[in-house]
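1. Could you work out the structure for the sequence below:
(one chain, ligands or ions: 1)
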Amino acid sequence: DAPASGKVCTRFDLEKETELRFEVEAGDAAEQVELELLTGMAEVFGSELNRNKKYTFGPGSKIAVFTWQGCCVNLYGKPEVAYVSKDTPMLLYLNTHAALEQMRKQAERENERGPRVMVVGPTDVGKSTVCRMLLNYAVRVGRRPTLVELDVGQSGVSVPGTMSALCIERPADVEEGFSVQAPLVYHFGSTSPGTNIKLYNKLTSCLAEVFSQRCEVNRKASVGGCIINTCGWVKGSGYQALVHCASTFQVDVVLVLDHERLYNELKRDLPHFVRVVLLPKSGGVVERSKECRRDSRDEKIREYFYGFRGVSYYPFSFEVRFSDVRIYKIGAPSIPDSCLPLGMSQDDTQLKLVPVTPGRDLTYHVLSVSSIEDGDDGARKGIVESPVCGFIVVTFVDTQTQVMKVLSPAPRPLPRHTLLIMDIRFMDMK
Ligand code: ATP
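-> Predicted structure coming up:
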């Protein structure tokens, strides 16, 4: 059976409550794979498929097509692997959604707030996917939940090195994920919370505060609640960061994916009214190598500047004079307690703004453009807690003329002049 595109076509008949898992080969030369639902009903991570529509998945995609009632689908092209599994935790995930929906109904009746849910677990257990499914199911029954993205390594909302919140108003697009309009984004600056755990906890609290303020004025947001995606670092300070998040967001439910010890520790350490639930991971979740994670981070930055699939953006390149901007790094290198000035603690150093003198080593760094009003130095205090309004990348530094060239999504001039440096770099190969 050869379609017009000339790609090989494979047909799969799926029984009820089974899923077709497939992976598209990674690499630029890899062929895309198309998916078409022929009969019945099916969904990809909680987003329903339209019948007779072809969905295209690019290199590196790892997809599961799940059906509650049974269906028939075609795959066009050569996936790296494709198999049908009967063994999925989807029923448990759906039951979790049903329980959360009960809590929303109760919140509605009693004029309370809806469930605040934190999803935790080690790397590669499908945390982001479970968040996506729960958000999709909620929005499909008319709720307006909020996604809180605390995974600074693999953010589903903004570029890596950020922490953010996004109101979900419609199900995720099958190919592209959630529509990212007007997210609230904070600068963290690195891909691991361990680089500056004080800042990580501080920004978690900022997000919690803004979310709570929104809930006070927006009933739908309050009843919809939130789903918090976290980092895969679940030991030591990483674990403490989860406990901090649970307390600052006042979470009601913690979903622990595939980690019994973490489940027991959280049950022990969180207040008794927090429901801690252990859920299995799906056998379909694919482990990703370091390179794979790095590539997907790079891709996320590329998408920010150049767009994704059908939507192309055309970024701008222009010069910025050093004297027109103020560049800071958040956090001074830690020094032994005994060397700290009197009355100062390590906390202060981790949240300190350190002015950066522009030099060649700035090249390729991603810089966040803070939303803080340009003003006198008095405004410096609020920089750490201010959201960002966008990102630029330094592509060239000329120390002679004291000018740097930047890649920017918007034309000159920069909307604000306070810039925060990330330790993440992006080399524009386009
Ligand atoms: P991280 O360690 O980055 O936090 P995670 O725990 O959030 O990872 P996900 O990003 O949800 O994990 O999943 C990892 C990959 O597995 C993704 O590419 C996702 O599309 C894929 N995946 C998830 N569930 C399935 C499934 N049932 N079948 C096939 N692929 C899946």
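
2. so how far is the first residue of stretch 311-326 from its last?
-> One end of stretch 311-326 sits 33 Å from the other (Cα to Cα, to the nearest Å).

3. So which bits of that stretch are buried?
-> 315, 320, 322, 325, 326 (16 or more other Cβ atoms under 10 Å). In short, each C-beta sits where N, CA and C put it, glycine included.

4. quick one, helices of the stretch 151-300 of the chain?
-> Using DSSP state H, counting those that start in this stretch, the helices found in the stretch 151-300 of the chain span residues 197-217, 219-224, 236-248, 260-269, 290-306.

5. out of those helices, deepest packed?
-> Highest mean neighbour count among the helices of the stretch 151-300 of the chain (mean count of other Cβ atoms under 10 Å): helix 219-224, with a mean of 20.

6. Now the residue in the stretch 151-300 of the chain that the ligand sits nearest to: closest residue in space, sequence neighbours ignored.
-> For the stretch 151-300 of the chain and the ligand, the shortest gap (Cβ to the nearest ligand atom) falls at residue 284, measuring 2.3 Å. Sequence neighbours aside, residue 21 is the residue nearest to residue 284 in space, at 4.5 Å (criterion: Cβ to Cβ, 6 or more residues apart in numbering).

7. Identify the residues contacting the strand or helix carrying that neighbour?
-> If you go by DSSP states H and E, residue 21 is part of strand 18-23. Contact partners of strand 18-23, identified using Cβ atoms under 8 Å, 6 or more residues apart in numbering, comprise 12, 14, 33, 61-67, 73, 75, 79-86, 88, 90, 284, 286.

8. Could you export stretch 283-301 as PDB, CA atoms only?
-> Provided in PDB are the C-alpha atoms of stretch 283-301 (Å, rounded to 0.1, in the frame of the first residue of the first chain):
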ATOM      1  CA  GLY A 283       6.900   1.100  29.600                       C
ATOM      2  CA  GLY A 284       6.900   3.300  26.500                       C
ATOM      3  CA  VAL A 285       8.900   6.200  28.100                       C
ATOM      4  CA  VAL A 286      12.200   6.200  26.300                       C
ATOM      5  CA  GLU A 287      15.400   7.000  28.100                       C
ATOM      6  CA  ARG A 288      17.200   9.900  26.700                       C
ATOM      7  CA  SER A 289      21.000  10.200  26.500                       C
ATOM      8  CA  LYS A 290      23.000  13.300  27.600                       C
ATOM      9  CA  GLU A 291      23.500  14.200  23.900                       C
ATOM     10  CA  CYS A 292      19.800  13.700  23.200                       C
ATOM     11  CA  ARG A 293      18.900  16.100  26.000                       C
ATOM     12  CA  ARG A 294      21.500  18.600  24.800                       C
ATOM     13  CA  ASP A 295      20.100  18.400  21.300                       C
ATOM     14  CA  SER A 296      16.600  19.000  22.500                       C
ATOM     15  CA  ARG A 297      17.700  22.000  24.500                       C
ATOM     16  CA  ASP A 298      19.400  23.400  21.500                       C
ATOM     17  CA  GLU A 299      16.300  22.800  19.400                       C
ATOM     18  CA  LYS A 300      14.100  24.600  21.900                       C
ATOM     19  CA  ILE A 301      16.300  27.700  21.600                       C
END
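
9. can you pull the contacts of the residue of the stretch 151-300 of the chain closest to the ligand?
-> 19, 21, 62, 64, 85, 88, 126.

10. just residue 265 next, same as before
-> Contacts for residue 265 (Cβ under 8 Å, 6+ apart) come out as residue 239.

11. I'd like to know how many residues surround residue 27.
-> 9 (other Cβ atoms under 10 Å).

12. would it count as being in a strand?
-> No: Residue 27 is assigned coil when assessed by DSSP: H, G, I helix; E, B strand; the rest coil, not a strand.

13. Apart from its chain neighbours, what residue comes closest to it?
-> Per Cβ to Cβ, 6+ apart, closest to residue 27 is residue 59, 5.7 Å.

14. Quick check: residues of the stretch 201-350 of the chain near the ligand?
-> Residues of the stretch 201-350 of the chain lying close to the ligand (Cβ under 6 Å from any ligand atom) are 232, 282, 284, 285, 286.

15. so which of the residues you listed is the most crowded?
-> Highest count within those by other Cβ under 10 Å belongs to residue 282, 24 neighbours.

16. And that residue, how far from residue 299?
-> Shown here: residue 282 relative to residue 299, a distance of 23 Å by Cβ to Cβ, to the nearest Å.
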